[in-house]
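> Quick one, fold the following:
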Amino acid sequence: DSCKMRVGMARGLFLAVAILVIINGSSGDEDLAERGLQNEKVWEAILYGYVIDPNAPSFLARGDRVFQVNAKDSIAISSNAEMDMQFQYSDSEHTASKNVAASMSVSGQYGAFSGAASMEVSHTSDKSIKTVRMDALIKAIKYEVASKNAFRTFPQKFLTENFKKAVKALSVQQIEKRIGVFYATRMDLGGEIRK
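Numbers count the residues shown, from 1 in each chain. A predicted model of the protein is given here:
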């Protein structure tokens, strides 16, 4: 009984503190309170490495942050509102992995990304002979974000200290999984539906 009473008192104390925080609008961490729910700006996606992820809609997932820049001097953001729908046909001759590499403007024979993406997509998307696959892709783009000036031509000057330490301490496989195999110099921001 005394254990139940202590749990009940602790629960009541927690609720009282939570109600005070809600009423007063303070969490005790002023920095967190000022940031709100969104702790980064959307354009900051260009500052990250990207990991091949066969479960993600574009077969890409954000890795760790690689760059630290001054947005005014290093980032160009422009409105690029457009919507596009494409159909991609795949069979044993023309595979889904080749279609994905082509849609990302990546040649199937160059770079670690294209090989890794093709393998991952092949693993999840390609089927045996006599199988036909039709993918519908709808993209709604709102903004284009691109690196500019020194960030575009000398990105190595904008590396985070964490990234520099990670390159010295982690294996290639760990870097690939945690940080990513490439970074973007230009991105289209919006939404995508693949069915």
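> hang on, Leu170 packs against Lys164?
No. Leu170 lies out of contact with Lys164 (C-beta atoms under 8 Å); the separation is 11.4 Å. C-betas here are computed from N, CA, C, even on glycine.
> how about the helices in this structure?
Counting by DSSP state H, one finds helices in the chain at the ranges 2-24, 30-35, 71-74, 96-103, 111-125, 149-153, 161-169, 172-178.
> Residues in a beta bridge with Arg186, which ones?
Per DSSP bridges, the residues bridged to Arg186 are Ala146.
> Now do it against Lys165, distance only.
Arg186 is 27 Å from Lys165, where distance means C-beta to C-beta, to the nearest Å.
> And for Val132?
On the measure of C-beta to C-beta, Val132 and Lys165 end up 49 Å apart.
> Next: Lys177.
17 Å.
> which stretches of this protein have low pLDDT?
Applying pLDDT under 70 to the chain flags the ranges 1-38, 92-130.
> Recalculate using a threshold of 80.
For the chain, applying pLDDT under 80 flags the ranges 1-38, 57-58, 89-132, 194.
> can you count the residues close to the nearest residue to Ala71 once chain neighbours are set aside?
Once flanking residues are discounted, Ala71 sits nearest to Trp43: 7.0 Å by C-beta to C-beta, 6 or more residues apart in numbering. The number of residues packed near Trp43 is 17, by other C-beta atoms under 10 Å.
> Over to the one 10 residues further on?
Using other C-beta under 10 Å, the number of residues around Asp53 comes to 16.
> all numbers from here: first residue = 572
Renumbered: residue one is now 572, and that last one reads Asp624.
> which residue packs closest to it, ignoring adjacent ones?
Ala632 (3.8 Å).
> The one you found and Gly620 touch, don't they?
No. Counting by C-beta under 8 Å, Ala632 sits too far from Gly620 to count as a contact (10.2 Å).
> more neighbours, the two?
Gly620 (21 against 14).
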